[in-house]
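[1] model this:
(2 chains)
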There are 2 protein chains.
Amino acid sequence: MAAERMVVIGGDAAGMSAASQARRMRGPEELEIVAFERGHFSSYSACGIPYWVGGDVSGPGDLIARTPEEHRARAIDLRMRTEAVEIDVAGQRVRVRDLSDGTEGWTGFDKLVIATGARPVRPALPGIDAPGVHGVQTLDDGQALLDTLGCTEGRRAVVVGAGYIGVEMAEALLKRGYQVTVVYRGDQPMATLDPDMGRLVHEAMDGLGITAVGGTAVTGVRTGADGRVRAVVTDAGEYPADVVVLGIGVEPETTLARAAGLPLGPHGGLLTDLAMRVRGHENIWAGGDCVEVLDLISGSTRHIALGTHANKHGQIIGANAGGGYATFPGVVGTAVSKVCDLEIARTGLREKDARRAGLQFVTATIESTNSAGYYPDAAVMTVKMLAERRTGRLLGTQIVGREGAAKRVDIAAVALTAGMTVEAMTTLDLGYAPPFSPVWDPVLVAARKATTVVRKAGV
Amino acid sequence: MAAERMVVIGGDAAGMSAASQARRMRGPEELEIVAFERGHFSSYSACGIPYWVGGDVSGPGDLIARTPEEHRARAIDLRMRTEAVEIDVAGQRVRVRDLSDGTEGWTGFDKLVIATGARPVRPALPGIDAPGVHGVQTLDDGQALLDTLGCTEGRRAVVVGAGYIGVEMAEALLKRGYQVTVVYRGDQPMATLDPDMGRLVHEAMDGLGITAVGGTAVTGVRTGADGRVRAVVTDAGEYPADVVVLGIGVEPETTLARAAGLPLGPHGGLLTDLAMRVRGHENIWAGGDCVEVLDLISGSTRHIALGTHANKHGQIIGANAGGGYATFPGVVGTAVSKVCDLEIARTGLREKDARRAGLQFVTATIESTNSAGYYPDAAVMTVKMLAERRTGRLLGTQIVGREGAAKRVDIAAVALTAGMTVEAMTTLDLGYAPPFSPVWDPVLVAARKATTVVRKAGV
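    Alright, predicted model coming up:
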């Protein structure tokens, strides 16, 4: 029998990364590792679902990084279709239910990892649970949507929400031959951008033949005699729909944690220390989509559901739970996406985030191209920067453009992490060759303009 | 008459950027600006020549950022085909020759900008000046090469040298239907990379049908009865050639500066202070391909001929000469290139640079992919990192791969500028979405491996 027992709730990115890393550090004779996953799949890329639905990826198997069998072969006792239903913190035990037969029982832990993920926001609207209305959070969700697409004759799709999932699903459905309408509440799609940059996304969606309807609240789903969805009902009329995809966003799945009295933040996510331990608890860690992370620029916590953070959290939790040492310093809020060939990227703060954080700032927006202007297929790239008033410190960057736009935001992500000013950025030694950049990279052009604006704004 | 007179020697990137920026800061009544250019073109992108030769860019006009007329319209007195032949530092005057009629005269300056660029290395070998042997440093060179290509029936091209220009010209000639042989002295192409990374370029060139012949010294050029090139002669035999392109590298064009007693560095480039003033001279600035720049990682000066630096230098010189203030802190040595769809990037130090700088280091090389492994056309990307022993500070990064490889090096360029350790890089918040990156970006994977290697190496 192992000296210690680690229990992991949730068999996806954060949970299984934690389990794998802990196993690398300590053998089965030292640490027993048991993981519970209520779904049918482990360690998969939920971010890949739009590409699976769109046909770029052939099957759910491609999205699975490691199967339950592979985990078990590494001495991780991963139990599928087994749901944790209660955490007894004081008693150091978890009550689990076998979803195949409904049996329940308690299992003890010395170390606990909570990686319960996020759940899609699903407003309590009439008809929202009707057949044909789909979330796309899990592989099970993706399979259900594909089943609907396979058996639906109509070709009208309505996507509710125009964030990352919304625009990616719009592309996927377009690729499958659907007539796609995206209905969203804000003035512009991609509320993760400032409205002026979101407008560029709206224009591009228009150009792609996606009907983007902003400023519109969904009030319900109308169903037919067969109970299936027929239309999305909004405060601005009905949008006929043979299939509806909900991309309104996600929220931390912390039902268990809340019931157990663990500390939650303003966004409903678990709060942890820098070693990813749940605050105030020596032997409980949490990571992935169920936690809030420190935003290094605003100083507040945020909820960001993103596989890359979940994997980092898991790796750090595993190192610590395995007797090593690692910390997660926080995020700067980088996110990239695309709709067909339009690339969308952001990092740091939007204008409203900066205001909320008490920061005064200036902005600069420039248009440049992704390669030298004379190079074939050079395409416009728009870069917006926010810099702190007086200090000129970079606060955020948003980029919309074609090839090469999305990952260019990494330059700003590193500069934000390093606390650089926009003026310091103007002399960054970025890669230049005509196929890859104008002689002044668009990020440098934006930094130059922002520097001028900071100076003009004075003290 | 203006209060002051600024003379600019060289009408390309650095010189004309300096003139333009100075003009933005001070009007013609305050500052007269005269610029001398010995060639036929001003403000052009020499880096674009391979793409012009390869047919991606239609004419030399596309490579010209600003014509002489446009400069003159902004009150910059740009005199083309006029060569500066002597600098009289004490007398604050420059002797210039009108190349159209050979007349000469002295012209005075209050402020002088030296932007004489670089010249291709052209070893004194028999036949090296024969018709059909071309450098590709200026637009005039590019036009001469295209003239040769247009009147040559044979389809055998030999490129001498396998650096950036060499591999880009190999691609260009391949595109024009030539059978291309690249002859170079080192064991691997791209001596700007470590040999292990250069090997990947060699393999890719092989795959593209380019014959890459390494470890071979060119001893001369054999010509035919008509005096034109017939073959490149090497210590390993002859390579038949209907056209030869020299891509051996460039050296600073500092003949005038040397004669004037201005300070030159170990690579033959002018030495400047951080404001780009020639060391020891209050009213003389120099920038672009004729100067040496501070390498921020090694602490030594280097000669790097690259348009993006030249433009930055010019902008900084213009700001200072125009009465403002700006500095160029130095470079980290970023360079990107491609051969067909193979992208090649480096920043920071190679192993031999680090050794020469007295640094002890470890290396880590990883293979990953440019997008999520399951995403269509995901392609291998190889990332090598050098980190300082003990401190784990990043010293250099090299990347070879397909789409998305080249500009990824910018992440490392910013991290180098900020003095980050490879361990700090493991938690960088880089953009993630399946079309753009695996869930662990290849740069993060390399940083993780480098962190482990640093730890294992101990103190």
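[2] Domain map for chain A?
    Following automatic domain parsing, one finds the domains of chain A at A:4-119+A:251-321, A:122-248, A:342-457.
[3] Start and end of the shortest one, how far apart?
    The first residue of domain A:342-457 is 33 Å away from its last residue (Cα to Cα, to the nearest Å).
[4] Run a quick neighbour tally on the residue of the stretch 1-150 of chain A found nearest chain B.
    Using Cβ to the nearest Cβ, the single residue of the stretch 1-150 of chain A nearest to chain B is A:Asp62, 3.9 Å away. All C-beta spots, glycine's among them, are computed from the backbone N, C-alpha and C. A:Asp62 is flanked by 18 other residues according to other Cβ atoms under 10 Å in any protein chain shown.
[5] Can you lay out the domains of chain A as CSV showing mean pLDDT?
    Listed next are the domains of chain A as CSV, based on pLDDT from 0 to 100:
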stretch, mean pLDDT
domain A:4-119+A:251-321, 96
domain A:122-248, 95
domain A:342-457, 97
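[6] picking that back up, is the residue of the stretch 1-150 of chain A closest to chain B in a helix, a strand, or coil?
    helix (DSSP: H, G, I helix; E, B strand; the rest coil).
[7] thinking it is in contact with B:Tyr374, fair?
    Yes: between A:Asp62 and B:Tyr374 there is a contact at 3.9 Å, judged by Cβ atoms under 8 Å.
[8] Return every residue with contacts to both of the two.
    A:Gly48 (Cβ atoms under 8 Å, 6 or more residues apart in numbering or on different chains).
[9] before we move on, what SS does the closest residue in space to A:Ala2 that isn't next to it in sequence have?
    Nearest non-adjacent residue to A:Ala2, counting by Cβ to Cβ, 6 or more residues apart in numbering or on different chains: A:Glu32, 3.9 Å away. State at A:Glu32, reduced to three classes by three-state DSSP: strand.
[10] Please apply the same query to A:Asp129.
    coil.
[11] Phi first, then psi, for it.
    Backbone torsions of A:Asp129, given as degrees, to the nearest 10, read phi -100, psi 10.
[12] what's near enough to touch it?
    Counting by Cβ under 8 Å, 6+ apart, A:Asp129 has no contacts.
[13] Tell me which of the domains of chain A sits nearest to B:Asp410.
    domain A:342-457 (4.9 Å; Cβ to Cβ).
[14] Return the distance of that closest one from the chain's centre.
    Computed by Cα atoms, centre = their mean, to the nearest Å, the chain-centroid distance of domain A:342-457 equals 22 Å.
[15] What count of nearby residues applies to the closest residue in space to A:Pro438 that isn't next to it in sequence?
    Leaving aside its chain neighbours, A:Pro438 sits nearest to A:Ala372 (5.3 Å; criterion: Cβ to Cβ, 6+ apart). For A:Ala372, the neighbour count with other Cβ under 10 Å is 25.
[16] what do you get for A:Val229?
    Neighbourhood size, A:Val229 [other Cβ under 10 Å]: 26.
[17] Put the alpha carbons of the host helix or strand of A:Ile316 into PDB.
    In the assignment (DSSP states H and E), A:Ile316 maps to helix A:307-321. Extracted in PDB, the C-alpha atoms of helix A:307-321 (Å, rounded to 0.1, in the frame of the first residue of the first chain):
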ATOM      1  CA  GLY A 307      -6.700  24.700 -22.200                       C
ATOM      2  CA  THR A 308      -3.200  26.200 -22.100                       C
ATOM      3  CA  HIS A 309      -3.700  27.600 -18.600                       C
ATOM      4  CA  ALA A 310      -5.300  24.300 -17.500                       C
ATOM      5  CA  ASN A 311      -2.300  22.300 -18.600                       C
ATOM      6  CA  LYS A 312       0.100  24.700 -16.900                       C
ATOM      7  CA  HIS A 313      -1.900  24.600 -13.700                       C
ATOM      8  CA  GLY A 314      -2.000  20.800 -13.800                       C
ATOM      9  CA  GLN A 315       1.800  20.600 -14.300                       C
ATOM     10  CA  ILE A 316       2.400  23.000 -11.400                       C
ATOM     11  CA  ILE A 317      -0.100  21.200  -9.100                       C
ATOM     12  CA  GLY A 318       1.500  17.800 -10.000                       C
ATOM     13  CA  ALA A 319       5.000  19.200  -9.200                       C
ATOM     14  CA  ASN A 320       3.900  20.500  -5.800                       C
ATOM     15  CA  ALA A 321       1.700  17.600  -4.900                       C
END
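[18] What is the subsequent helix or strand relative to it?
    In N-to-C order, the element after helix A:307-321 by DSSP H and E is strand A:335-339.
[19] and the helix or strand that that next one is followed by, does that touch chain B?
    Following strand A:335-339 in sequence order, the next helix or strand is strand A:342-348 (DSSP H and E). Yes: counting by Cβ under 8 Å from any Cβ of the partner chain, chain B has neighbours in strand A:342-348: A:Glu343, A:Ala345, A:Thr347.
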